[in-house]
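In: Can you look at this prediction? I've put the sequence above it.
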Amino acid sequence: MTDDGHEKPYSPACERNRDPILDVLRHVFADRQRVLEIGSGTGQHAVHFAAALPQLVWQTSDRAENLDGIRAWLDEAGLANTPPPLTLDVGDDAWAVTDFDAAFSANTLHIMAWSEVQAMFRQLGCLLSPGALLAIYGPFNRDGRFSSTSNAEFDASLKRRAPHMGIRDLADVDALAATCDLLHIADHQMPANNRLVVWKKSNR
């Protein structure tokens with residue numbers, strides 16, 4: 001239950017994709033200590049990953065209106081490595097977060113406006129320490145092309161919801177990341193025409 005007495009939020013997509021994502025994160029975050037999750041949504045991913053990766057402190061964050069649902073999941077799980085969620089809007093001028101050697105986000109880039117994606121990478125470029133990792137899960141286009149008919153249909157449905165939404169081209173995201181000293185180091189093919197892309201903060 002949330003603080004206002006409603007049932008915990010639930011995403012069927014989170015239940016479907018959590019194990020394939022975890023299979024990759026076990027290796028990607030094997031030597032990490034503190035992970036900032038951006039746009040934690042329902043909180044389902046956080047409790048699943050934190051339970052399976054107890055060596056990590058898994059810090060959830062999202063806009064204020066989503067925090068009650070995240071707290072409900074965290075409170076029910078009662079894990080020692082999931083501190084209370086932080087209020088974080090990627091468009092804010094400054095993020096009140098520090099000391100993370102990794103960041104993770106799932107199914108957010110296609111929901112945000114491109115200006116918000118740019119703001120998120122700028123902040124991560126300043127926030128993450130040298131050698132830190134950023135892992136982002138979701139659908140991506142390549143060379144301006146959809147990877148599947150279902151992704152093209154999904155993109156059309158996003159744009160019907162709001163014109164600023166849409167599947168991002170990986171080349172555009174890579175170029176943006178590079179301006180923030182985040183270098184593309186891995187690209188994992190995932191089920192349902194998704195990918196998990198990893199960038200590393202340069203040591204300079």
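Out: Perfect, thanks for sending it.
In: Now do the helices in the protein.
Out: Using DSSP state H, the helices of the chain run over 12-28, 44-52, 67-77, 114-127, 149-161, 170-179.
In: just those: most buried one?
Out: For the helices of the chain, ranked by mean neighbour count under the definition mean count of other CB atoms under 10 Å, the leader is helix 44-52 at a mean of 21. Bear in mind the C-beta positions are built from the backbone N, C-alpha and C, glycine included.
In: so what's Ala177 up against?
Out: 121, 134, 183-184, 199 (CB atoms under 8 Å, 6 or more residues apart in numbering).
In: Only whichever of the residues you listed are buried, select them in PyMOL.
Out: Selecting the buried subset of the contacts of Ala177 in PyMOL, with 16 or more other CB atoms under 10 Å as the burial test, is done by:
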select buried, resi 121+134+184+199
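In: Arrange the contacts of Ala177 in JSON lines, one row each, with pLDDT and distance to Lys159 as further columns.
Out: JSON lines is the format used below for the contacts of Ala177 (pLDDT from 0 to 100; distance: CB to CB, whole Å):
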{"residue": "Phe121", "pLDDT": "96", "distance to Lys159": "22"}
{"residue": "Leu134", "pLDDT": "98", "distance to Lys159": "26"}
{"residue": "Leu183", "pLDDT": "97", "distance to Lys159": "31"}
{"residue": "His184", "pLDDT": "97", "distance to Lys159": "26"}
{"residue": "Trp199", "pLDDT": "98", "distance to Lys159": "26"}
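In: Sitting in strands, which of the contacts of Ala177 do you find?
Out: 134, 183-184, 199 (DSSP state E).
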